[in-house]
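Participant: test case, fold it:
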Amino acid sequence: MAGARRRALAALGALCAAATALNPTAVRDAAARGGAPVSAGAALTLSPGLSGLLSHFCIVTSYDGFEAMTARYAAMLGVAAPTTGTAGGNGTGTYLGKRLMGTTKIAFLQLNNDTRVEFLAGVPWEGSWWRDVFLDKGVEVHHQGYVLPKGTDIWAYVQAFAAIYGPAVQWGRWGTPDQPGSGCYAYCDAQASLGVTVEILANDRDCDNLPFPPAE
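Facilitator: Model prediction:
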């Protein structure tokens, strides 16, 4: 299973690198290294950069231990424990090139005016980046989440990011496309280059070019 997952990630990385048009230098370099992330000293940059766009970071934990984890964080912060919700599933997202069927428990706690901590725990019986990162590494900081400025095409940005730092492995939408309150996300596996998955988010029409799940 681990070998198949590594092969799928390598293929996705090469695909994203080859498709990127925003940063020709990143495309060339990524192709030369088979879609792998660049070294820590590489000078490639993104436009816009993600400084000032952090909305949250995420803790991934076990499915059965989810409420205990959120209660511990709430006690540390001196606030009420958050309500547990559900996200994902129903084939509305894509994971490693296939329809995402797995769901996750989800909750948030506000840290300050700009930043929240998110908690996720993927169901154990369906594959997802939530479940599989937890199975690989246990409880940890799963990702950092950045919301792109209005007018930034998320998929073009994700392709550019993937060519530099690591492949897009999971993405999806919420709400009714192009309607108020709708949005989308993509996880890029930047663990080798940045030490953590990076989630890139956008809203409304900036999600129009995000690929829909493949037909089954």
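Participant: C-alpha from now on. contacts and neighbour counts both.
Facilitator: OK.
Participant: same question for the helix or strand hosting residue 157: list its buried residues.
Facilitator: Assigned by DSSP states H and E, residue 157 falls within helix 154-165. Using 16 or more other C-alpha atoms under 10 Å as the test for burial, helix 154-165 gives 154-165.
Participant: of all those residues, which comes closest to residue 204?
Facilitator: Distance ranking of the buried residues of helix 154-165 against residue 204, using C-alpha to C-alpha, places residue 154 first at 10.5 Å.
Participant: spit out the contact partners of the closest one.
Facilitator: By C-alpha atoms under 8 Å, 6 or more residues apart in numbering, the residues touching residue 154 are 148, 200-202, 206-207, 209-210.
Participant: may I have the phi/psi pair for the residue nearest to residue 53 when sequence neighbours are not counted?
Facilitator: Of all residues beyond its chain neighbours, the one nearest residue 53 is residue 146 (5.2 Å), with distances taken as C-alpha to C-alpha, 6 or more residues apart in numbering. Recorded main-chain torsions at residue 146 are phi -120, psi 130, according to degrees, to the nearest 10.
Participant: next one: residue 146 from residue 52, what distance?
Facilitator: 9 Å (C-alpha to C-alpha, to the nearest Å).
Participant: neighbour-wise, which of those two wins?
Facilitator: residue 146 (20 against 9; other C-alpha atoms under 10 Å).
Participant: okay, which residue is most central for this structure?
Facilitator: Among the residues of the chain, the one closest to the centroid is residue 187, at 2.0 Å (C-alpha atoms, centre = their mean).
Participant: shouldn't that one be within a strand?
Facilitator: Yes: residue state for residue 187 (DSSP: H, G, I helix; E, B strand; the rest coil) corresponds to a strand.
Participant: how about the nearest residue to it, chain neighbours excluded?
Facilitator: Here the residue nearest residue 187, using C-alpha to C-alpha, 6+ apart, is residue 199, at 4.5 Å.
Participant: what about the one you found, how many residues nearby?
Facilitator: There are 25 residues near residue 199, going by other C-alpha under 10 Å.
Participant: so it touches residue 191, yeah?
Facilitator: No: contact status for residue 199 versus residue 191: not in contact, 11.9 Å apart, counting by C-alpha atoms under 8 Å.
Participant: what about residue 187, distance to residue 112?
Facilitator: 24 Å.
Participant: take the buried residues of helix 154-165 and write them to JSON lines, including distance to residue 67 and pLDDT.
Facilitator: As requested, the buried residues of helix 154-165 are exported to JSON lines (distance: C-alpha to C-alpha, whole Å; pLDDT from 0 to 100):
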{"residue": "154", "distance to residue 67": "32", "pLDDT": "97"}
{"residue": "155", "distance to residue 67": "34", "pLDDT": "97"}
{"residue": "156", "distance to residue 67": "37", "pLDDT": "96"}
{"residue": "157", "distance to residue 67": "34", "pLDDT": "97"}
{"residue": "158", "distance to residue 67": "32", "pLDDT": "98"}
{"residue": "159", "distance to residue 67": "35", "pLDDT": "96"}
{"residue": "160", "distance to residue 67": "37", "pLDDT": "96"}
{"residue": "161", "distance to residue 67": "33", "pLDDT": "97"}
{"residue": "162", "distance to residue 67": "33", "pLDDT": "97"}
{"residue": "163", "distance to residue 67": "37", "pLDDT": "95"}
{"residue": "164", "distance to residue 67": "36", "pLDDT": "95"}
{"residue": "165", "distance to residue 67": "33", "pLDDT": "96"}
